[in-house]
Structure formats: structure tokens, C-alpha cells
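Peer 1: Please work out how this folds:
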Amino acid sequence: MCMCVIIMAPRLQLEKAAWRWVETVKPEEISWEHIELAYRINLPACKRGACRRNCKGNPNCLVGIGEQAWLGEIDENAFHNIDDPNSERRDKNTFVGLTNLGATCYVNTFLQVWFHNLELRRSLYQCHNSRAQEHNSESDYEPQSICEHLQYLFALLQNSNRKYIDPSGLVKALGLDTGQQQDAQEFSKLFLSLLEDTLSKQKNPNLQNVIQRQFCGQFSYVTVCNQCGRSSALPSRFYELELNIQGHKNLTECVTEFLKEEKLDGDNRYFCESCQSKQNATRRIRLHSLPPTLNLQLMRFVFDRQTGHKKKLNTFISFPEQLDMGPFLEGKSGWCVYELSAVLIHRGISAYSGHYIAHVKDARTSDWYKFNDEEIEKMEGKKLQLGIEEDIGESNQKEATNSPKPTIDFTSFLQRLVDQDNHKFEEWCCEMADMRKQSVDKGKAKHEEVKELYELLPAKDGEPYEFISLDWLKKWLDDATATKEIDNSLFLCSHGKLHPDNVGESKRVSLQAAKLLYERYGGGPRLDSSSLCRECVGQRCRVLRLKNQLNEDYKEVSNLVKRTPSGEGYWVGKASLRSWRQLALEQLEEDEHKTKHSNGETNGQGPHSNKGLKKSQIFEGNEEEMKTFNEDIVCSHGGLSIMDTERKLVSTEVWTKLRAYFAKAPEFTQSQEPCQQCLTLEQEEKDNEAVSKMMALDQKNQLLNLFHEKNRPTLTKWPQGTDVLYVVPLFFVDEWRKFIRRPTKSSPVSNVGNSLLLCPHGGFMFTYDSLVNGDAQHIALLWPSEWEVISRLFIVDHSISIHLSQQTTPTGPTTQYTTQPDLCWECREGFLFQQQRDLREYTQATIYIRKVIEDKRMIKEAAPELNASSSEAEEDKEEQPKVDGEKDPDFGQSQDGAKRQKLSDSSPAVAPVISNSSLTKQGGIRRSTRHRKLRGEKALIVSANQTLKELKIQIMHAFSVAPFDQNLSIDGKSLTDDTATLGSLGVIPESIICLKADEPIADYAAMDDVYQGKYCCY
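Peer 2: I've put the predicted structure just below:
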């Protein structure tokens, strides 16, 4: 018998094999056989076991798509991940465990020990619950007090149907951290103390002292003076005896040491009241009475003086199941025998971690059980090793064996609560069982479906077939994924058929299987043999043939372009010619995939969006940005570019070869004239530049002093020979100077724009005094002769002037200054109010801290700091000129052609000018007022509502000066109130604060903590 094993080639090899025929077949010669080869219709199907995973390159490979999980017999448990709810059910006559909430094992062990104390449990059941009558049986019960929590918890431990219950209610009420293990002995003391205090408030006197009756004993510290023999006793109560285990082997030795006599001598001598002096003495503990339940704490955790940490003593201590305490009692004779009822054990070698379990004796049967959170195990045979940290021997019995449950009656209210919880548990069990059954039934049905359909999936040779998404088939066979309808839309080409590239993402199945799948799940579109796309195969054939020929053509073209063309030639962009091979590859890739990703754009016909640009902007791209061959010599009007240095003349032979790759590239013959529109625009641009130069030269000559800022009038010293000065916005002068310096790059200035300095009512916004004191930075002063020239050269919307007049008064001549138009007091007051509010309510403003040296002189340097920030450096740069047609967004064009600031109807009084900084932004009046930092000075970003304390912390990080070493002042005024805000202290944007530092401190990180309030010193 001959067996033929077919091992499929890798995916790339299958891809090459499917298209190998294109080397000898032209696109117009493609037959149906070639189409089937391209779609790999006749590739042999893989057999199970022949390939490790699914062959994506083979549409007939149906192995490894998820069918392995369904073929053969399947255990029904594989159809669900739901555990048997009965595993959470309590077995009959067994104890109930407690859930460990993270690190609460120490709580669980004590709760189990106290639960098995029948007297304590009985007493807790009798506690009065005031909420019993008010509780609505339909709502969940939420205990409030510690007694209520213990009542409910013990009732559940006694009669719950659950295998274990959740004690989170009690743990939360105690305020315990579930992620941190506490000291078990300390927890026992605190909890019993809390429970004792809670029970003391009960009205029933028998319940008020149940903790004392059950756990409390009495002893006294007796001290005897060796000199006079006087004996003094200090009585005390105890709830547990803390026994030292170091150096002992059994419990009796530990108790004996606890009660042994202690000598008080040397520095530890006792002050005797009778002798009235310190004397040698002896001291011992005398036991007077013992409680019904005796709690002995073995002190395994001790302090190690060498390491400074606690450590655990792993000393073995034996203890009997019966302990006679009679010999240790004072004044009493006879037997006082205790039976061992519980042992709490700490597992682990460290005092800071480990796990607590409890060995507890059943009070009714005397059987011992190990309580380990949720797990409870009966201890018998070799397992009965009480107090041993790790279990000895192995046992197949993991759950507690049957034992009669101790039954203690409790109130009907508690029984009703337990019944409600049991009812919820039974409902949950039923719900889980139903979900489990539904999953099993669904899985069985899916199993039968897969076994039926998978055998029908393979398409036989010569029979009808269809293609179905491989991803959908995998999800269909993945039980964890909900099966949706079949979606083949992603595999379609632009002709609405199956794209050849997507064969690897789909599988060829039999028509019979396809019909059944579509009937059950729906979807589409359906892809049969008629969906094989002849157009896509032909396009791929052409592209692959051109790719194979590209390298040869590239070498030939490179040689041909070096020769001078003879006869008629064609214009080709130099950038296109340098990168034509890369463009050809991209074009071929685009042609190869455009049937899959068709966007309607074709080579050489892309939209042009650069109409109306200048000559220098006609071609700004380079070969890296170019998308279409020869587009670099196409102007914005679609004609031949006038940039003759950017193109090269090639022969007809070269153009023919290039045209084979770029069929729709722009074509320009040697006789093609450059674009006439571009030539016209070029000439107009040259003419406009000449006119601008002449205009700039003429304006400069007429206003030479204004351009060079020479012989300028000032308000602080009124110039002689004139009683009037004219005002224009500084923005107008700055923009005019830019035009004069670069007339071909900047737009001519046509409007003065004095409306910027007027309020909506037409009044002037500044007084003579305000201009003298700082507002003059927004304006420029002109001589009357300069104003006459400006009025002639530019459009003037409003004339603004300042007049000097002399008046004679009884006290002598006085000088008066007036403005035309007059000042608008209403808007001026609004402006000042807004300015002051901005200074008080700023956010993210810059202030400067200037450090002062010991002789209290500020550190000064001739030049500002060289390491200014990049943003500051940008401010110093001259503004770039705006391109033609660009307008300031804060200006609108009025009817008379003058620029006027846009005003808000809602705030007319303050809209024209808000503050120094906002005026610059809104009005466009710009002059760099940036503060020049000196050496030893640093800028900080602050807000007005920030406190001085917070500012000092910023200064500490900037200058390494602790807050309490900082002496701050502004304008000579000391800043001392740490709780005051910067706004209330008069710190405004651009303020300079002087820092005088006392002796520095080394650890500034620690100072940060101190100042943030982590310590109480400042």
C-alpha cells in the first residue's frame, strides 16, 4: 500500500505559485484556468494530522480551525465552567466554616472558638434586639451593634445550609483592615472588652456580666518587705494568663513560673510604707478565683533587643487534655480541673506573617475538629496532634465527618433570618443548576451540529462550492463566542466579487454545507464560482509583469536621459525623474490594491488646490511629498509650469517607457507653451513689487524722523514751539515701519485706525496724567507737520490730539492739558475697575523673585540672562509679515474703509481697552514689554488666590532656601502673613519680590515635609 503525504508550502510560496503563470501570459490572454490558479481552487485539501495549524494560503485547508474540540466524545463538564452548586452545601451534622477575607484568619479562628463556648452563645442569643419588630421580612437584614452581628453570625454557623459563610459584616463593623493581619492575642483582648461594654448596656442583669462570669478571674500582686515583714496586696482582674514559654517544656512549668516569687533588690527595691524607705522585698502573684473558661496565652512573640524587632519562639510546649489548677489557687484545697476545649495555632516562622488555625473540641461529642477558614476537618488517629503547627500524616478525609450538631434554641426572629438566608442559598443553587444544564444542553446541540456539518464542509472536485469567512468559521467552532451571521462583505473587490488577495482569509466549502450554514445563521453576500473576478486577476497580471520589468526599464531610462533628445521631446519634472522608480512601485501597488480600496481618484487627475498662489508658491513640494508622476511641473491652473529650471526635456523613447507605468500622468510636449495665466501673474507681481518699493521710499522720505525714531516729542517735557501734538496707535506705526523695511514682503498700510483708542461713545480713553505714568506705551506722538503728511497719505478715521493752554489765575499762570475728543469718564472708570480686578483675580501669571546678597544690594548684571526661555526669545523676534489678504481677526472693515476694533454689545464700557496686556492682544497694539531677568532672578508662575506659604514652597524649590529662612518684600514692604493670598498682599503680574535668605539648611526635602504640615514646627 502506497501512502502519499502532501506537505503544503509556506504561505508566501503558495502566493508565488498561484501567480507564476503571469510570466508567460499577457492580461488579454487570461483563461478560466488561470483564474482558478489565482484563486487556488485546485490546491489539494490538507488531511488531519498532516499540518500542525491551518494553512491560510490554501482555501481548501479545513484543519486547525477549532474542530479538534468537537470531534469525538466530549465530557458534558466541558460545556460549562460552573461548579456544582451542591459543593457549596453543608453536609448534614457538620460545622460551618468562615470565609477568609484576605488576612482575617485570626478573626475566624476566635469566632469558631467563641461559637463553641455554649454558655457564651446561649447568652448572646438572649440579648434584646430592638430592631426585631421593625424589620421587614422582605428586605435584607443588616445588623448594627456588635451583639446583633454575633447573634446573626452564630445563628448562621448553627443552622445555615451553606458550607461556609461570609463574616464581612462583623469585620466591617469592627473597622478591621482585611488586608493586614493583626496580633491575635491583642485582638482577643480588645474584642472581649468591646463585647463586655456592649453587653453591660443590656436590660437583663444576667447578660450584663456574662463576659466576667465566663472569662474573668481574680489575682493579686503580693509584695512582702524583707525588713519588717509587712505584706501589701494589689487585687486585679484578668481575662487571660500570659505565660512565658522560654526555657520550659510543658504547660505546668509555664504556670509555675508565672506564679513564682520574684526578688526586689538593688535598683529595683520596694518602698515600704512601714519602714518609710526602700527595702529588699519579694513579690508574687496569688490566684484567688478562676473563671469557667480559662484562657492561657503562650507568649510566642517576644521582642528581640539585638534586632529591635519581634520574633517568634518555636519552642515545643506540651499540654495535657486535663489541667488541675487546684495546687495553684490560694486558700483553696481539692480539685480544680479544666478540660482542654480549644487550641489556637499560628503557622509560620515570622512574627509578622503567617496563618492562624484552631483545634476545637465539640462540647457534645468530645470530638476534635480543625477549623481552617472555609475548611473543617475532623481530627482522629494520627491527625489528632493537638497544638502541632503542621499536620502529621495524610488523610483522604477532607471534610468533617458527621457529628451531632449542638443545638441551642434562639429567637424566632433569628430563625427567620437564617431561613431567609437558606432560601436565598437554595435559589442560588437552583439558578446555578439551571445555568449549568442550559450550558450542557447548548453544548450537546452544538456538538451534534459540528459533527454533522464539518463532514460536509470539504468541497469535492467538480462540484459546486462557495467561499465563507475563515474568521467566522473559527468563531462558529469556538464555543465561548456567540455565533453571529456570516459576513463576507470585507472580502469584496470594487467589482462586487471576491478579491484574489482575500482568498487566504476565506475557505472553500461545499454548496450543501454553505446552504445549511446560511439557513441557520444567515448573512452574506454569498460567494460562489461566479464570484471569481476576471478584472482583478487581469489587473494583477499587468502589475506583476510591470514589476518584473521595472528594474530593466530603470537602467535603460537612466542611460537614455543622459543623451540629448533628437526630434520632438517631452517635458518631465526633475523631481519626478529622480524618484520615478519609487513612484512607479507606489503606482503599481496602488493599481494592485485599488480594486480593493477604490477612492475614485486616478493617476494624473488628482485635484489641485493651489490656485491663486504666487510664483514662489506654485511648487512647494518635493519628491518625498509628490504623489503623482510629473505633477511637479503642473501649475495651479493645470498648465505647464513657468519654472523652467524644474523640468527636463526627454526623448520620445524615454516618455513611452515612463508612460507605461504612469498611464494618466500629465503630458507636455516640447512645443507646449508655459501657462499664460502664470506668466501674467508673474508680471503683475513684479509690477506690484516695484510700486510697493516706490511707495515705501516716498513715505520714508516724507516721515524720515518717524521711521528712525529721531526728534520725537514727549509729554513729560512738552516741546517748545507748538501747543498741539497728535496721537496715533503705536500698532499703526509698527506696521508702517515693517512695510517700509520690507515693502515686497509686507502689505502697505492704508488706515491709521484711531478708533482703537476711543470708547464706543467716541470719547478718548486716556488722560494726560495716565499717559505720562505709563499708558503712553500704547500710542505714538506726532508733530503737526507729521500729522499733515499722514492725513494726506493714509485714511484717517478720527483725529486725536493733545492741546497745551496757559491760563492766568489769582495764584499765577497755570498750564492745562486737554484732549480732542474729550475724555469719556464713564468708560475710563470702567476700564480702571476692570484693570484693578484683573490685577486681583489673575491666574497663571508670572512674577519674578530677585535674591538679595548680604549687604542688601540686589544682584545686578549689565546684560540679562542668556538662558532665557524659548518663549521669551520668540517674543523678541520681529513679527513675520502677513501674506496678502490676511486680516487681523480682531478688526473688522467699516463702511468708510478704516479698521475698527470689534466691540461686544454686552460690555461697551470696557470693551475697547481692558488692561495693558489685553490691549495688546485685542487691539493689536504691540510693543515688547517683557521683563528682562537679571542674574540671580527667577520667574515663577502663580495665581492671585495662592497663599504666601505656597509661594515660599515654590521659592524653596527654585532657590534651595527653606521657607523659615526666607525674608520676602515687595516695594520695601515685608511679606509676613503666610495665610494671606498674593492678591491681598498686592502681588500683581510682573511684580518683583525681593528675597533675603538667612543661613541655609541642607535637607530641603525634609523642610518641604515640615512646611506641608507633616510636622508641627515652622
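
Peer 1: Distance check, Leu490 against Asp471.
Peer 2: Counting by CB to CB, to the nearest Å, the gap between Leu490 and Asp471 amounts to 9 Å. To be clear about C-beta, it is placed using only N, CA and C from the backbone, and glycine gets the same treatment.

Peer 1: Then Gln297?
Peer 2: As for Gln297, its distance to Asp471 is 66 Å (criterion: CB to CB).

Peer 1: same question, Lys460
Peer 2: 24 Å.

Peer 1: Tell me which of the two has more neighbours.
Peer 2: Between Lys460 and Asp471, Asp471 has the larger neighbour count (other CB atoms under 10 Å), namely 13 against 9.

Peer 1: Would you map the helices across the stretch 601-750 of the chain?
Peer 2: 652-661, 676-702, 704-708, 730-741 (DSSP state H, counting those that start in this stretch).

Peer 1: Now do the longest one: which elements does it pack against?
Peer 2: Yep, that's helix 676-702 we're talking about. helix 730-741, helix 784-793 (3 or more CB pairs under 8 Å, 6 or more residues apart in numbering; DSSP states H and E).

Peer 1: relative orientation of the last one and helix 730-741 in degrees?
Peer 2: Counting by axes from the mean of the first three to the mean of the last three CA atoms, to 10 degrees, helix 784-793 lies at 70 degrees to helix 730-741.

Peer 1: CA atoms only for helix 784-793, dumped as PDB, please.
Peer 2: Coordinates of the C-alpha atoms in helix 784-793 are reproduced here as PDB (Å, rounded to 0.1, in the frame of the first residue of the first chain):
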ATOM      1  CA  PRO A 784       1.700 118.700  13.500                       C
ATOM      2  CA  SER A 785       3.700 118.600  10.300                       C
ATOM      3  CA  GLU A 786       3.900 114.800  10.500                       C
ATOM      4  CA  TRP A 787       0.200 114.600  11.100                       C
ATOM      5  CA  GLU A 788      -0.400 116.700   8.000                       C
ATOM      6  CA  VAL A 789       1.700 114.200   5.900                       C
ATOM      7  CA  ILE A 790      -0.100 111.200   7.500                       C
ATOM      8  CA  SER A 791      -3.500 112.800   6.800                       C
ATOM      9  CA  ARG A 792      -2.600 113.100   3.200                       C
ATOM     10  CA  LEU A 793      -1.000 109.600   2.800                       C
END
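
Peer 1: can you list contacts of that helix?
Peer 2: Outside helix 784-793, the residues within contact range by CB atoms under 8 Å, 6 or more residues apart in numbering are 699, 702-703, 705-706, 722, 724-726, 728, 752, 782, 796, 799, 801.

Peer 1: Please, a ChimeraX command that selects the buried ones among those?
Peer 2: For selection in ChimeraX, the members of the contacts of helix 784-793 meeting the burial criterion (16 or more other CB atoms under 10 Å) are listed in this command:
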select :699,702,703,706,725,726,728,752,782,796,801
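
Peer 1: among the contacts of helix 784-793, which are in strands?
Peer 2: Members of the contacts of helix 784-793 lying in strands (criterion: DSSP state E): Val724, Leu725, Tyr726, Val728, Leu782, Ser801.

Peer 1: Contact partners for the second one?
Peer 2: For Leu725, the residues meeting the contact criterion (CB under 8 Å, 6+ apart) are Pro713, Leu715, Pro719, Leu781, Leu782, Trp783, Pro784, Ser801, Ile802.

Peer 1: what's the distance between it and Lys460?
Peer 2: Between Leu725 and Lys460 the distance is 104 Å, computed by CB to CB.

Peer 1: The first one now?
Peer 2: For Val724, the distance to Lys460 equals 108 Å [CB to CB].

Peer 1: in stretch 415-435, what counts as buried?
Peer 2: Within stretch 415-435, judged by 16+ other CB under 10 Å, the buried ones are Leu417, Val418, Asp421, Asn422, Phe425, Cys429, Met432.

Peer 1: I'd like those laid out as a markdown table, including pLDDT, secondary structure and distance to Pro810.
Peer 2: As requested, the buried residues of stretch 415-435 are arranged in a markdown table below (pLDDT from 0 to 100; DSSP: H, G, I helix; E, B strand; the rest coil; distance: CB to CB, whole Å):
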| residue | pLDDT | secondary structure | distance to Pro810 |
| --- | --- | --- | --- |
| Leu417 | 84 | helix | 103 |
| Val418 | 84 | helix | 108 |
| Asp421 | 85 | helix | 105 |
| Asn422 | 86 | helix | 110 |
| Phe425 | 85 | helix | 108 |
| Cys429 | 85 | helix | 111 |
| Met432 | 82 | helix | 109 |
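
Peer 1: quick one: which of the residues you listed is nearest to Ser145?
Peer 2: Nearest to Ser145 among these: Leu417, at 15.0 Å, using CB to CB.
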